[in-house]
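In: turn this into a model:
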Amino acid sequence: MANVATPSATPSSASPAASSAAPATRHSWVIDHSPFFYGWVILAAGSLGAVMMGPSQTFTVSLFIDNFVSELGISRSTVSLIYGAATLGASLLLPMTGRLVDRYGTRRMMLAVTLAFVAALAAMSRVAGIAGLLLTLLAVRFLGFGSMQLVSNNVIAQWFVRRRGMVMGLASQSLAVSLFVFPALAETLIRQFTWRGAWIGLSLIVLVIAAPAVWLLYRDRPELYGLQPDGNARDRYADGAAEEDWTLSEARRTSVFWVFTLAFLVMATVNAGLIFHQASLFVERGLSRSDAVIAYQAMALVSIIGNLGMGHLLDRVSARLLLVVQMGLLLAALLLLQVMETMWAAVIYATLLGLAMGGSRVMDSTVWAKYFGRRHLGSIRGATMVGSVGGTALGAYPLALSYDLAGSYSPALTALILLPIAISFSMIFVKRPQKRERREADHAITVG
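Out: Below you'll find the predicted structure:
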């Protein structure tokens, strides 16, 4: 049976009002009959949910670009602009998803989002023009890459505190699995059933796998079921400090909130631009489309190291220092891409970018709960994902415009080099946030 907390074990971070109006303990057959802490089931289910947003990822959508260009009669830069506009629009809707998660819980929200995502994928097969492409991509990016990612990460973060870094490192293997599976799967479906049939196939896969898993396995915060994060109430206080909960408005007043938001925006911008045009970039460097698909799979495998390594380090090393390391990996990948001409160089490039992508995903899933607590995590993640999802809207178009106007991606790649340098420099001025009353208490202890 799962470890059940005593009635007196209530979250230390709850407000007096919340404590006085604590909801009755819920009962769940799957939780009651779990032979181990149910958080591990949540980890598996949340990771699966993140894997199944794969059809909305840039590495999958990018394989349909040539079909959009040839059948819809629009240029590559126009497709990139549409994709960017759709992604930007999706990012602006995410705060709404975050608020709804805080209000209705992760289980109901994830089921609703998954079913809507299935419908959006099916609608991609009916696209007939620019307006249709924009609206369906908006729905696919908002529901898949944005909302499914937000809710999946949120449900896992709710069930772990002390081991959150390690757990998020494991959960982020979903990116590696998705990157390894969906580009090859989409390419196969396109060849067998045309690009329109491929979207129908992807929608059916998500429906059959994701929807039942969400309904059967997802559950909201452990406290609602008489449990504590990490499976034992004592784990919550193992480091001698209670978790500190911040509202969104409080978090926005800290430098950590803004610098990390900008950092994830930069990471998303560069990654999206490189991945969206990877097939074309490889061809420009004298490689092939097949080499680009192989590089996707290499990134997937290497990102596993980035995921697990970052998850391990986040429980032990300052996230601010680790962010500088991430920016260094991204910078090295951009520099190598400028001179890449052989498959060996492409493998090294894929390694650098895979490490950066894997580590960044874990960090983005972890630092917000680490710095600002779990109580308002949905609202905070909804706001910060405007940057991480919106950043993917900004990367594709500059590279496409550079290619259309200059006949090469190099001018845009050179400009992107400045971004990770700027973020690394800004970390000098960032400190771990502390609420005013906590700072005053620490000061009193020091003086005393």
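In: flag every buried residue along whatever helix or strand Ala272 lives in.
Out: Using DSSP states H and E, Ala272 maps to helix 255-276. Using 16 or more other CB atoms under 10 Å as the test for burial, helix 255-276 gives 256-276. All C-beta spots, glycine's among them, are computed from the backbone N, C-alpha and C.
In: how many residues are close by Val339?
Out: For Val339, the neighbour count with other CB atoms under 10 Å is 9.
In: would you confirm that Thr136 contacts Met124?
Out: Yes: using CB atoms under 8 Å, Thr136 is in contact with Met124, at 5.1 Å.
In: more crowded one of the two?
Out: The neighbour comparison of Thr136 against Met124 (other CB under 10 Å) goes to Met124, with 24 against 20.
In: quick one on the thing from earlier: and the helix holding Ala272, what other elements does it pack with?
Out: Packing contacts for helix 255-276, counted by 3 or more CB pairs under 8 Å, 6 or more residues apart in numbering; DSSP states H and E, involve helix 58-61, helix 76-104, helix 319-339, helix 343-372, helix 377-406, helix 410-416, helix 418-426.
In: what's the closest of those helices to Phe36?
Out: Phe36 sits nearest to helix 343-372 of all these, at 22.5 Å, using CB to CB.
In: which non-adjacent residue is nearest Asp315?
Out: Spatially, and ignoring its direct neighbours in sequence, Asp315 is nearest to Gly165 (3.8 Å; CB to CB, 6 or more residues apart in numbering).
In: that older thread, closest one to Leu281 among the helices and strands packed on helix 255-276?
Out: helix 319-339 (7.1 Å).
In: can you tell me the element His27 falls in?
Out: If you go by DSSP H and E, His27 is not part of any helix or strand.
In: from the contact counts, what lies against the longest helix belonging to the chain?
Out: When the chain is parsed with DSSP state H, its longest helix is helix 173-217. The contact analysis (3+ CB pairs under 8 Å, 6+ apart) places helix 173-217 against helix 39-51, helix 58-61, helix 65-72, helix 106-124, helix 289-314, helix 343-372.
In: could you dump those helices to a markdown table with mean pLDDT?
Out: A markdown table is the format used below for those (pLDDT from 0 to 100):
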| stretch | mean pLDDT |
| --- | --- |
| helix 39-51 | 92 |
| helix 58-61 | 86 |
| helix 65-72 | 89 |
| helix 106-124 | 95 |
| helix 289-314 | 81 |
| helix 343-372 | 86 |
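In: need these in TSV with distance to His33, can you?
Out: Shown next, in TSV, are these (distance: least, CB to CB, whole Å):
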stretch	distance to His33
helix 39-51	11
helix 58-61	37
helix 65-72	48
helix 106-124	18
helix 289-314	29
helix 343-372	28
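In: for the residue nearest to Asp315, give me its contacts.
Out: Shown in contact with Gly165 (CB atoms under 8 Å, 6 or more residues apart in numbering): Met310, Gly311, His312, Leu313, Leu314, Asp315, Arg316, Val362, Thr366, Lys370.
In: distance of the second one from Thr351?
Out: With the distance defined as CB to CB, to the nearest Å, Gly311 ends up 19 Å from Thr351.
In: more neighbours: the two, which one.
Out: Just comparing Gly311 and Thr351: by other CB under 10 Å the higher neighbour count belongs to Gly311, 26 against 22.
In: and the nearest residue to the more buried one once chain neighbours are set aside, how many residues sit next to it?
Out: Once flanking residues are discounted, Gly311 sits nearest to Gly169: 1.6 Å by CB to CB, 6+ apart. By other CB under 10 Å, the residues close to Gly169 number 28.
In: what of the one 5 residues further on?
Out: Other residues lying near Ser174 total 23 when counted by other CB under 10 Å.
In: can you tell me which helix or strand the spatially closest residue to Gly231 that is not a sequence neighbour belongs to?
Out: Nearest residue to Gly231, sequence neighbours excluded (CB to CB, 6+ apart): Phe37, at 3.2 Å. Counting by DSSP H and E, there is no helix or strand that carries Phe37.
In: so Phe37 sits right up against Pro229, yeah?
Out: No: using CB under 8 Å, Phe37 is not in contact with Pro229, being 9.6 Å away.
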